[in-house]
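Peer 1: 3D, please:
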Amino acid sequence: MSDFVATLDVRQIPADVLERARHLILDAVGIAHASAHYDFAHRSLSAMTELSAGAGDTPVIGLTSRLTMRDAMLVNGILIHGLDYDDTHAAGIIHATASTFPCALGAAARAGLAGDALLAAYVAGIEVGTRLASVARGGFHQVGFHPTGMIGAFACAVVAGRLFGLNARQLSMAQGIALSMAAGSMEFLQDGAWTKRMHPGWAAVAGLTAATMARHGFKGPERPYEGRFGLFNSYLGPLVEDADLNLASAGLGEIWELSKVTIKPMPACHFTHACADAAAILRLRHSLRVADIASVRALVPREVVKTVCEPVATKKRPQNSYDAQFSIPYAVASGLARGRFGLAELDDAALREESVLALAQKVEYAVDPDSPFPTYYSGEVIVTLHDGRELRHREHINRGAADRPISNTDVQRKALENMQLVAAPARALQVRDLVLAIGANQPAIDLQQGLGGLG
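Peer 2: Numbers count the residues shown, from 1 in each chain. This next block holds a predicted model:
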């Protein structure tokens, strides 16, 4: 992987991959703007402003604030991932852009490089991060670790390392150093804590730090992945038997995993999307009324139960928006009652709507025997009515999956809608055009400065 990152030439990356990369970045930037509307963003910014102590010169996406480079990376990662609306690599179950783009943006601007260098480093980070996450075959979630934060640290180590001119040996050291920084606990699922939001930004900080230490000759472990106490042996425990280390380097430079990264059509854990869509389709197709519904069963992949179905009490009555974003009962109830599951369904008033919560109490889950996980995040909803009729709909391939992608045109529409939550339409168009023009003729620092600016 280090050889690949060190020698990758932007001209080796297919034009369609580079264009999709720009759109993944645009999606992230749009979400970051939307996040500026929420309390978690301003509390994060307040904390980092205190730590930066007025010494920062790096803009934060969508805001007028300036922080130190590392603190800006952290906040940018929080903004991109904070609404759980950012892109996902299905096989790796990782939100890679939320860490690699803030890292690439900050490091490329600091190094005085152009947009094509930023793009190449971003693509390299996506290719490394998605493959590393795929090795675990979904195992990290089962043992309580969040690959977006953990694996993101290694991906960002190579992103920053490449932009700082590290050779293959130094890039390997950076990954070894990152092993002692990789983190990301799933405990937030128990009470809707905000910590998941900081995982990708913290990964960017860790990767930047590891690369800088390697650049100055600091030594890291030689075998951070396959070693006795390396990433997979330490974090997966018995599930390491199911891991496949060959996936870490399979097809590097020939198969572009970035093309398999999926855009989210709704602001919630990707595992909920198919069931939420199935519920909304049933409502529309059969003109369902909540009063007609006796019971509901949702079929989900076995691997997602711990994340979006348990603990049952919290999932059926979310205490906050984060609980709701990781709740099959709430997603299904929202789809059946409202016909949608968007940002409006996550505000306080929506979360207290008793008719929806009462319907969520009727939603039970079962393991989908025909699940194609992790290729697709399938879902099926079966509704039993008071008159005895049974209605069902299955979304075998979730909307936005690699085989059912959100188009670049739709990405632009989503980004503009998100930015216009806090910005004037003209400003949103300006940001869109700036991101889609990332290339050799655009200094990375101009991009960085152009993405800041809102009050």
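
Peer 1: so after the helix or strand hosting residue 329, what's the next helix or strand?
Peer 2: Per DSSP states H and E, residue 329 falls inside helix 328-338. Downstream of helix 328-338, the first helix or strand assigned by DSSP H and E is helix 348-351.

Peer 1: re earlier: and the helix holding residue 329, what other elements does it pack with?
Peer 2: The helices and strands touching helix 328-338, judged by 3 or more CB pairs under 8 Å, 6 or more residues apart in numbering; DSSP states H and E, are helix 273-286, strand 293-300, helix 312-316, helix 321-325, helix 354-361, strand 363-367, strand 379-385. Backbone N, C-alpha and C define where each C-beta goes, glycine included.

Peer 1: would you put the C-alpha positions of stretch 1-18 in PDB?
Peer 2: Coordinates of the C-alpha atoms in stretch 1-18 are reproduced here as PDB (Å, rounded to 0.1, in the frame of the first residue of the first chain):
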ATOM      1  CA  MET A   1       0.000   0.000   0.000                       C
ATOM      2  CA  SER A   2       2.800   2.400   0.800                       C
ATOM      3  CA  ASP A   3       4.400   1.800  -2.700                       C
ATOM      4  CA  PHE A   4       1.000   2.400  -4.300                       C
ATOM      5  CA  VAL A   5       0.500   5.700  -2.400                       C
ATOM      6  CA  ALA A   6       4.000   6.900  -3.000                       C
ATOM      7  CA  THR A   7       4.000   6.300  -6.700                       C
ATOM      8  CA  LEU A   8       0.400   7.100  -7.700                       C
ATOM      9  CA  ASP A   9       0.300   9.600 -10.500                       C
ATOM     10  CA  VAL A  10      -3.000  11.600 -10.800                       C
ATOM     11  CA  ARG A  11      -2.800  10.800 -14.600                       C
ATOM     12  CA  GLN A  12      -3.200   7.100 -13.700                       C
ATOM     13  CA  ILE A  13      -6.500   7.700 -12.100                       C
ATOM     14  CA  PRO A  14      -9.400   7.400 -14.700                       C
ATOM     15  CA  ALA A  15     -11.200  10.600 -15.500                       C
ATOM     16  CA  ASP A  16     -14.600   9.200 -14.300                       C
ATOM     17  CA  VAL A  17     -13.000   8.300 -10.900                       C
ATOM     18  CA  LEU A  18     -11.600  11.800 -10.500                       C
END
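
Peer 1: Going by neighbour count, which residues in that stretch are buried?
Peer 2: Neighbour counts using 16 or more other CB atoms under 10 Å place 1-2, 4-6, 8, 10, 13, 17-18 of stretch 1-18 among the buried residues.

Peer 1: same thing with stretch 172-181?
Peer 2: Applying 16+ other CB under 10 Å to stretch 172-181 flags 172-179, 181 as buried.

Peer 1: sorry, back to before: format the helices and strands packed on helix 328-338 as a markdown table; extra columns: mean pLDDT.
Peer 2: Shown next, in a markdown table, are the helices and strands packed on helix 328-338 (pLDDT from 0 to 100):
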| stretch | mean pLDDT |
| --- | --- |
| helix 273-286 | 97 |
| strand 293-300 | 98 |
| helix 312-316 | 94 |
| helix 321-325 | 91 |
| helix 354-361 | 96 |
| strand 363-367 | 98 |
| strand 379-385 | 98 |
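
Peer 1: Dump the ones you listed into a markdown table; add distance to residue 165 as well.
Peer 2: What follows is those, written out as a markdown table (distance: least, CB to CB, whole Å):
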| stretch | distance to residue 165 |
| --- | --- |
| helix 273-286 | 41 |
| strand 293-300 | 46 |
| helix 312-316 | 48 |
| helix 321-325 | 39 |
| helix 354-361 | 53 |
| strand 363-367 | 49 |
| strand 379-385 | 46 |
